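Q: fold the following.
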Amino acid sequence: MKIIEMKKSILLLAAILVAATAFGQVADSAKRHVVLQGAANLRDLGGYTTTDGHHVKWGEIYRSADISKLTDADLAVLKQRNITYDVDLRGHKESAQAPDRLNPGMDYILLPAGSDNLNNWMKSITTIKGTGGDSLMIVFYSKTDSLALRYKPFFDKLLGLPADQALVFHCTAGKDRTGIGAALLLYSLGVPYDTIVQDYEATNYYRAAVNERSANTMVQQMHIDKDVANSMMLAKKEYLDATFNAIKQQYGSVDNYLRTQIGLDDGKIALLKKKFLE
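A: Here you go, the predicted model:
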């Protein structure tokens, strides 16, 4: 009897720890999450504390998943929040199949580098089983060849963003390409890596229902292994670690990468911080 009670206590403690971690990631979700009818995972990157005690400004930069299904009411929300710049990180085919729905006059840029071969990559995963899904994602996150082509124009848009305007950047799920972009941006602003990981992993909370549906579709229609499908839907710390580790291995440090490949010299880093920190 005592063994059973002990097991229950252990399970309860584990549940509390998981809940506490989730709460830590999304405690400010009422302010961070922009609830829309036609898009999931659209959230404000504001509020994060930097290592020197500053905070990322609210209402300036938003990350999201696909925004091709926005309703008229959703577009009104974007207008109300002064979101007039849209950075689309999808490939040509992805964006053509589901064009972003935008308010008139919005500044739009497509940054497809490294995304146009994702369909072939998806076809190759049907033979992978079990924990191979994690290995597959780590390989994907370790590729640095297209990062500069994808994210340098993204940072250029941020550097040129008018003071009274806001920008949204997104891919399809708002997890991988968007997650890496958010991580590099927050790093450049001086946000600690632990916080960056929390922002990345928070996608699991905001997309929980969508992830479950998407994984089931991948299993039923594409005949992908269930564990592999789940791995592909989740945002795991080891995935983002793989990107940062690959950058450090190839360029010596993330700071050096941002400087030499993204073009963020001391002056531009200072400008980013002046624009987006308080």
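Q: ranges for the helices of the stretch 101-250 of the chain?
A: Using DSSP state H, counting those that start in this stretch, the helices of the stretch 101-250 of the chain run over residues 118-124, 132-142, 147-159, 177-188, 193-201, 203-206, 208-222, 226-233, 237-251.
Q: among these, which is nearest residue 100?
A: helix 177-188 (13.5 Å; CB to CB). Where C-beta positions appear, they are placed from N, C-alpha and C, glycine not excepted.
Q: quick one, the closest one and helix 132-142 angle?
A: With axes from the mean of the first three to the mean of the last three CA atoms, to 10 degrees as the basis, helix 177-188 and helix 132-142 are set at 50 degrees to each other.
Q: what's helix 177-188 packed up against?
A: strand 61-64, helix 147-159, strand 166-170, helix 193-201, helix 237-251, helix 254-260 (3 or more CB pairs under 8 Å, 6 or more residues apart in numbering; DSSP states H and E).
Q: low pLDDT regions in the protein?
A: 1-29, 118-132 (pLDDT under 70).
Q: list the contacts for the most centrally placed residue in it?
A: Closest residue to the average C-alpha location of the chain: residue 179 at 2.3 Å, with CA atoms, centre = their mean. For residue 179, the contacting residues are 200, 203, 235, 240, by CB atoms under 8 Å, 6 or more residues apart in numbering.
Q: next one: residue 134
A: 231, 236, 238 are the contacts of residue 134 under CB under 8 Å, 6+ apart.
Q: pull out the buried members of these.
A: With neighbours counted by 16 or more other CB atoms under 10 Å, the contacts of residue 134 contain buried members at 231, 236.
Q: quick one: contacts for residue 156?
A: Counted by CB under 8 Å, 6+ apart, residue 156 has contacts residue 263.
Q: could you redo the last one with a cut-off of 10 Å?
A: The contact partners of residue 156, taken as CB atoms under 10 Å, 6 or more residues apart in numbering, are 87, 109, 262-263, 268.
Q: coming back round to it: next, format the helices and strands packed on helix 177-188 as CSV and append distance to residue 50.
A: Formatted as CSV, the helices and strands packed on helix 177-188 follow (distance: least, CB to CB, whole Å):
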stretch, distance to residue 50
strand 61-64, 14
helix 147-159, 16
strand 166-170, 19
helix 193-201, 9
helix 237-251, 17
helix 254-260, 14
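Q: those: which one's closest to residue 276?
A: strand 61-64 (6.7 Å).
Q: what pairs with the closest one, parallel or antiparallel?
A: Strand 61-64 has the following strand partners under DSSP bridges: strand 43-44 (antiparallel), strand 166-170 (parallel).
Q: out of those, which is closest to residue 148?
A: Among the strands paired with strand 61-64, strand 166-170 sits nearest to residue 148 (CB to CB), with 15.8 Å.
Q: and the angle from the closest one to helix 147-159?
A: Going by the same axes, to 10 degrees, strand 166-170 makes 160 degrees with helix 147-159.
Q: need the strands for the stretch 1-150 of the chain, in chain order.
A: Along the stretch 1-150 of the chain, the stretches classed as strands by DSSP state E, counting those that start in this stretch are 43-44, 61-64, 83-88, 107-110.
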